[in-house]
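> I would like the atomic coordinates for the input below:
(3 chains)
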Amino acid sequence: MDVITRGAVITEPGNSVENKTGTWRVFKPVINYDKCIRCLICWQFCPEPAILRHDDEETKQKTPAPKEALKKLPVVEIDYDYCKGCGICYNECPVHAIDFVKEEK
Amino acid sequence: MKAMIRGNESIAYAFKLARVKVIPAYPITPSTLVPEKISEFLANGEMDAEFVPVESEHSAISAAIGASAHGVRVGTATASQGLALMHEVLFIASGMRLPIVMGIGNRALSAPINIWCDHQDMMSQRDTGWMQFYAESNQEGLDLGIMAFKIAEDERILLPAMVGIDAFVLTHTVEPVDIPEQKDVDDFLGEFVPHYVTLDPEKPATLGSFGFPEYFMEFKYGQWIAMERAKKVIDEVFEEFHNKFGRKYSKVTPEFLEDADIVLVTMGSMTSTTREFVKKLRKEGKKVGLLKLTTFRPFPKEELRALLKDVPVVAVVERNISFGFGGAVYAELAATFANESKKPKIIDFIVGLGGRDITFKTLNEVVGIAEKALKEDVDEVNWIDVNKEAVLKAEGLL
Amino acid sequence: MNYEKEEFFAPGHGMCAGCAAPIIVKWVLKLAGPNTIVVNATGCLEVATTAYPHTSWRVPWLHVAFENAAAAASGIEAAARAKGEKLNIIAFGGDGGTVDIGFQALSGMVERGHNVLYVLYDNEAYMNTGIQRSGATPWGAWTTTSKVGNANPIGKLQPKKPVARIIAAHNAKYVATANPAIFNDFKKKVEKALSYDGARFLHVISSCTTGWRHDPSKTVEIMKLASDTGIFPLWEVVDGDLENMRITYKPKKFKPVEEYLKPQGRFRHLLKNPEYVKKLQEQVDAWWAKYGHHYNP
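Numbering: from 1, shown residues only, chains lettered A, B, ... in the order given. Coordinates of the predicted model:
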């Protein structure tokens, strides 16, 4: 997209992904895959959205989930590029499978 | 086809002939007949468009933006308070570069409430980034209405445009008008192609974004450039129209200017009265000329400089007032000559506010003061046909 | 076609951490799919998602001004009709842009029956300008223009404008109140609203961590309490038939309003006086006494 467009239109849909809002984070949610029951509530409520869901065999391999956890689908993954650390996922997880830890910078 | 129609019908015919697809409009005197006529066209199956009977003028122009952004040709009409209610949204239409065309039944602004003619409504929208044309007759209203689409939609321009027709004097007065054939207008305008980014699910774009200081000025500069370029495009479109339909238009039209000591600058329907008056004066041997201003935005500085630089006295006769300075046309014309070494003496005459008649008597007084100005200093701003004594008394000055 | 797994609302936007509005937006878009045009009233959502040259929107999106989202949507819909198109036209507005300054345009749009879904995300104050009271601010809430002090220990003295009932009374095709924290009910209502033709209105509660003054992680929890205490009842009305309004959600046992007030700084002052809490509880009980029989899951 040109630096200036006529009428200030933005022609690249969703290009806000260039803003890495993960830098806002003070606390960081960390998924404990041993406890995760794949209910997707974290994915459902993430306002960024910064929780990715992997429904296919190929993309799940790229997640930080341990091998054991990959046996079940879908696999959720936190996208720390965008996670602002609001903690909704941590608060809503019905099995307390998300830890909320101080961000180390 | 020659027909006897009112000025509002001229605007409605312009929309019909331009095959406007969406017309959001709200009734207001004196432009109500525009949506009424459109409604009649639609009821009779003579027009293929969506009429949106909105609940306010603010919503009329907002709906116009929505429709235009979705990539169709849009027209609307209003006047006076209605135009004032649209004010904030007018900036948005031009800032988004949407070529909407609006007919205005030029009417005074309250208070006191008054439904009759002056140009205060459109002049108050001077800085909204819309092109402004003023019609002298119903024929001009129709022709300028059609041409406004071609100018506004030009890929080089993409700015909205207003066409003013004087309240009652034109809006409600029947005049003979040559209504062009549909096929000729189709040929002239071509099929509507939006030369701007539209709301299209196939190509999702964001329209009406938030502009931080590091970008904002560039968008405004773009509008400035477009308005400057419009000067040439207007000439081209006027020329093309002349070739096709035989009627000649120009941003400024000089008449009896050769050897003129005094030139009266007019806009809108008062031009007709003034022309007859000037003819009369010429017969009497007075060197008086007339200059009709059809395009107020962009302001035709270059033409005005060329035409008026050697004229001793220019009398701006105008139906608007900017309190604390003078008339808007006077202000702009004076500024146009600010840096010129050869310039006329420019005198302002405020006339015909709120529908007060502009007669030979009015113009006689104007010329009287202008003649005086040939020899001595006169007031910069002169109110004509006003009961000054009564006002001074009310203000406690007498 | 199901687009639930797709995101039409991209991350990288500037909404506050824990803001509920993006949850509402992302789900409305997932359920609507790509054949959609969005109109957005001025407000947090508009400002924080489209700072030039970046946008979070992956569907066509238009912003005109504060009070005219419904009018702009009417124009888009008219243009779509003129072109013979069939698509979802969805307007998003906050409470200020909907129940106050944009109310006239909304009323007009609904009266004319435009085929538009208008979604009010109601965070109960002018949050974009810094927490000023709106017609949607509830009784007893502190805002920066309904301040709490010796002369006024309550905050906002007027009850919340019942905007969804007012819109339903226009004979809108479909009107519902919804709460993303009561997720299945919320989702069903969005799907239902999308399935109809005509003017549709969803009044969705949307917590604002900044204005409600709560911990960002509590957003969903607090919104759930809004319905579990009965403060924000969930119902729907089809074709303006208010007589047959259907309450779609009722907790097994209502929680006391105090539980909703406690975690929110905007209500802290009310807790100092049991009379105020009681007064609010009475308002809630009165609503349920009047309308509770409409519960029909």
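> Helix or strand: which one has the nearest residue in space to B:P204 that is not next to it in sequence?
Using Cβ to Cβ, 6 or more residues apart in numbering or on different chains and skipping residues adjacent in sequence, the residue nearest B:P204 is A:P13, 4.2 Å away. For glycine as for every other residue, the C-beta is placed from the backbone atoms N, C-alpha and C. Under the criterion DSSP states H and E, no helix or strand holds A:P13.
> For A:P13, which residues are in contact?
A:P13 sits next to B:P204, B:A205, B:T206, C:A10, C:T55, C:W57, C:R58, C:V59 when contact means Cβ atoms under 8 Å, 6 or more residues apart in numbering or on different chains.
> The last one: what's it in contact with?
To tie it back to what came earlier, the one meant is C:V59. A:P13, B:P201, B:P204, C:F8, C:L29, C:A32, C:P34, C:T36, C:I37, C:V38.
> ok, the closest residue to the second one other than its chain neighbours - contacts?
Take B:P201 and drop its neighbours on the chain: the residue closest to it by Cβ to Cβ, 6+ apart is C:N35, 5.2 Å away. For C:N35, the contacting residues are B:P201, C:K86, C:L87, C:N88, taking Cβ under 8 Å, 6+ apart as the criterion.
> Angles on the backbone of C:N35, please.
phi -80, psi 60 (degrees, to the nearest 10).
> Now do stretch B:229-244: distance to the chain's middle.
Relative to its parent chain, stretch B:229-244 has a centroid offset of 16 Å by Cα atoms, centre = their mean, to the nearest Å.
> Doesn't B:I369 belong to a helix?
Yes: counting by DSSP: H, G, I helix; E, B strand; the rest coil, B:I369 is found in a helix.
> Touching, C:V38 and C:G93? I think so.
No: proximity of C:V38 to C:G93 does not meet the contact threshold set by Cβ atoms under 8 Å, at 11.2 Å.
> still on that earlier bit, who wins for neighbours among the contacts of A:P13?
B:T206 (33 neighbours; other Cβ atoms under 10 Å in any protein chain shown).
> In chain A, what residue comes closest to chain C?
Chain C sits closest to A:G87 of chain A, with a gap of 3.0 Å, by Cβ to the nearest Cβ.
> That residue - how many residues pack around it?
22.
> near chain A, which residues of the stretch 201-350 of chain B show up?
Taking Cβ under 8 Å from any Cβ of the partner chain as the measure of proximity, the stretch 201-350 of chain B contacts chain A at B:K203, B:P204, B:A205, B:T206, B:L207, B:G208, B:S209, B:G211, B:Y215, B:E218, B:F219, B:G222.
> mind checking how far C:T143 is from C:T210?
Per Cβ to Cβ, to the nearest Å, C:T143 is found 12 Å from C:T210.
> which residues do these two both contact?
By Cβ under 8 Å, 6+ apart, C:T143 and C:T210 have these common neighbours: C:I131.
> How about the most centrally placed residue in chain A: what's its closest non-neighbour residue?
With distances taken as Cα atoms, centre = their mean, A:I51 lies nearest the centre of chain A, 2.4 Å away. Excluding its sequence neighbours, the residue lying closest to A:I51 (Cβ to Cβ, 6+ apart) is A:W43, at 4.5 Å.
> Check whether the one you found sits in a helix, strand or coil.
A:W43 ends up helix, using three-state DSSP.
> neighbours around the closest residue to C:K262 other than its chain neighbours, how many?
Counting by Cβ to Cβ, 6+ apart, C:K262 lies nearest to C:L271, which is 6.8 Å off, once chain neighbours are set aside. The criterion is other Cβ under 10 Å. On that basis, C:L271 has 13 neighbouring residues.
> ok but C:L271 is inside a strand, no?
No: looking at C:L271 with three-state DSSP, it is helix, so not inside a strand.
> What pLDDT does the model give it?
Listed pLDDT for C:L271 reads 97.
> Ok, A:K105 next?
For A:K105, pLDDT reads 68.
> May I see the ChimeraX selection of the buried members of the residues of the stretch 201-350 of chain B next to chain A?
Here is the ChimeraX selection string for the buried members of these, based on 16 or more other Cβ atoms under 10 Å in any protein chain shown:
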select /B:204,205,206,207,208,209,211,215,219,222
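> Including pLDDT and secondary structure, could the residues of the stretch 201-350 of chain B next to chain A go into TSV?
As requested, those are exported to TSV (pLDDT from 0 to 100; DSSP: H, G, I helix; E, B strand; the rest coil):
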residue	pLDDT	secondary structure
B:K203	98	strand
B:P204	98	coil
B:A205	98	coil
B:T206	98	strand
B:L207	98	strand
B:G208	98	coil
B:S209	98	coil
B:G211	97	coil
B:Y215	96	helix
B:E218	98	helix
B:F219	98	helix
B:G222	98	helix
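> Just give me the closest of the residues of the stretch 201-350 of chain B next to chain A to C:A20.
Comparing these against C:A20 with Cβ to Cβ places B:T206 closest, at 22.2 Å.
> OK, contacts around the closest one?
Contacts of B:T206 by Cβ under 8 Å, 6+ apart are A:V9, A:I10, A:P13, C:T50, C:T55, C:W57, C:P60, C:W61.
> Of those, which belong to strands?
C:W61 (DSSP state E).
> between the contacts of C:V59, which is nearest B:P27?
C:I37 (28.6 Å).
> May I ask which helix or strand encompasses the closest one?
Judged by DSSP H and E, C:I37 forms part of strand C:36-40.
> Any residue of that strand touching chain B?
Yes: judged by Cβ under 8 Å from any Cβ, strand C:36-40 comes into contact with chain B through C:T36, C:I37, C:V39, C:N40.
> still on that earlier bit, looking at the contacts of B:T206, which is nearest B:K388?
A:V9 (52.9 Å).
> which residues touch that closest one?
A:V9 makes contact with B:M96, B:Y196, B:V197, B:A205, B:T206, B:L207, B:S209 under the criterion Cβ under 8 Å, 6+ apart.
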